[in-house]
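A.B. asks: fold the following.
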Amino acid sequence: MTYQGRFRVWRGDDAGGALEDFTVEVNEGEVVLDIIHRLQATQAPDLAVRWNCKAGKCGSCSAEINGRPRLLCMTRMSIFEESETITVTPMRTFPIIRDLVTDVSFNYTKAREVPSFAPPADLAPGEYRMQQVDVERSQEFRKCIECFLCQNTCHVVRDHEENKEAFAGPRFLMRVAELEMHPLDTADRVDQAQDEHGLGYCNITKCCSEVCPEHIHITDNALIPMKERVADRKYDPIVWLGNKLFKRS
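C.D. replies: Sure thing, here's the model as predicted:
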């Protein structure tokens with residue numbers, strides 16, 4: 001079934017912009033990215049949008065649809081009423097480049113701040129051995145497609161630009177948790193998470209988990225376990241006493 005859908009799309013750049021109204025043909029089975037492409041082809045050839053695979057695996061087409069962070073290619077038009085006006089805007093947390101394209105370089109800066117996998121010194125590549133049960137917990141985090149929707153929705157940086165320097169965001173705290181849980185990683189990630197990556201800023205509202213297109217339980221399976229490890233080390237009185245008596249780091 002075909003109908004004429006009403007859309008409001010943000011147009012502009014880092015100097016400013018506004019929402020513009022469009023009426024675009026919508027066909028059965030389409031996603032929002034199909035509509036954006038048709039809009040480009042028929043009415044706004046200079047509309048800027050970032051996309052690549054159109055299969056929900058590259059994480060490129062992140063935006064906000066009716067105020068909710070989503071992938072354009074994974075948001076079906078069938079979830080909206082035909083009479084509904086659909087608003088498409090760029091991710092709010094990151095600087096605007098143009099139209100629906102934002103500058104997500106903040107995330108690559110944070111990625112470089114996470115120390116890489118540190119295997120045992122006496123093991124050469126190809127000698128790593130571990131049981132599946134030992135990696136199952138952190139394997140979930142490898143599903144991340146780095147769409148940065150979790151980074152975008154996290155209010156710690158969404159509403160507080162000043163926190164960006166100290167806070168890595170849920171995606172990279174999840175990376176720290178993945179390495180901390182890895183059976184062969186020898187680095188101590190607990191103090192790093194708290195002191196260098198801002199784990200304490202997170203107040204576990206689970207908004208990052210709610211918008212994840214891969215349905216990763218970021219808060220429950222990564223952030224809360226890391227907070228528990230930090231609390232054990234820094235605030236557990238028995239651990240504190242043991243550290244004092246035996247001079248453990």
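
A.B. asks: next, count neighbours for His217.
C.D. replies: The local packing of His217 (other C-beta atoms under 10 Å) involves 16 other residues. Just so you know, the C-beta spots here come from the backbone N, C-alpha and C atoms, and that holds for glycine as well.

A.B. asks: Gly56 too?
C.D. replies: 17.

A.B. asks: if I look at it, how far off is Phe246?
C.D. replies: To Phe246, Gly56 is 50 Å away according to C-beta to C-beta, to the nearest Å.

A.B. asks: run through who's touching stretch 99-109.
C.D. replies: With contacts defined as C-beta atoms under 8 Å, 6 or more residues apart in numbering, stretch 99-109 is touched by 9-13, 17, 36, 47-50, 63, 88-91, 94-97, 146, 148, 151, 164, 169, 171-172.

A.B. asks: over to stretch 26-43?
C.D. replies: With C-beta under 8 Å, 6+ apart as the test, stretch 26-43 has contacts from 1-5, 7, 9, 22, 24-25, 47, 49, 51, 54, 61, 65, 70, 72-78, 82, 86, 88, 100.

A.B. asks: domains of this structure?
C.D. replies: Using automatic domain parsing, the domain parsing of the chain gives 3-102, 105-245.

A.B. asks: quote the end-to-end distance of the shortest one.
C.D. replies: What that stands for is domain 3-102. Distance between the boundary residues of domain 3-102 (C-alpha to C-alpha, to the nearest Å) amounts to 30 Å.

A.B. asks: related to what we said a few turns ago, buried ones among the contacts of stretch 26-43?
C.D. replies: Among the contacts of stretch 26-43, the ones that count as buried by 16 or more other C-beta atoms under 10 Å are 5, 7, 9, 22, 24, 47, 49, 51, 54, 61, 65, 70, 72-75, 77, 86, 88, 100.

A.B. asks: separation between Phe167 and Thr102?
C.D. replies: 18 Å.

A.B. asks: would you list every one of the helices in the protein?
C.D. replies: For the chain, the helices defined by DSSP state H cover 32-42, 105-112, 132-139, 149-153, 155-158, 170-181, 190-195, 207-211, 218, 224-235, 237-246.

A.B. asks: angle of the second one against helix 170-181?
C.D. replies: To tie it back to what came earlier, the one meant is helix 105-112. Per axes from the mean of the first three to the mean of the last three C-alpha atoms, to 10 degrees, the angle that helix 105-112 makes with helix 170-181 is 10 degrees.

A.B. asks: for helix 105-112, buried residues please.
C.D. replies: Within helix 105-112, the residues that count as buried by 16+ other C-beta under 10 Å are 106-107, 110.

A.B. asks: distance between that helix and the chain's centre?
C.D. replies: How far helix 105-112 lies from its chain's middle: 12 Å, per C-alpha atoms, centre = their mean, to the nearest Å.

A.B. asks: mind checking the pLDDT average for that helix?
C.D. replies: Across helix 105-112, pLDDT averages out at 97.

A.B. asks: over to the last one?
C.D. replies: In this model, helix 237-246 has a mean pLDDT of 77.

A.B. asks: the first one now?
C.D. replies: Along helix 32-42, the predicted local confidence has a mean pLDDT of 98.

A.B. asks: next, the buried residues of it.
C.D. replies: By 16+ other C-beta under 10 Å, the buried positions in helix 32-42 come out as 32-39.

A.B. asks: swap in stretch 135-142?
C.D. replies: Along stretch 135-142, these residues count as buried under the neighbour rule (16+ other C-beta under 10 Å): 137-138, 140-141.
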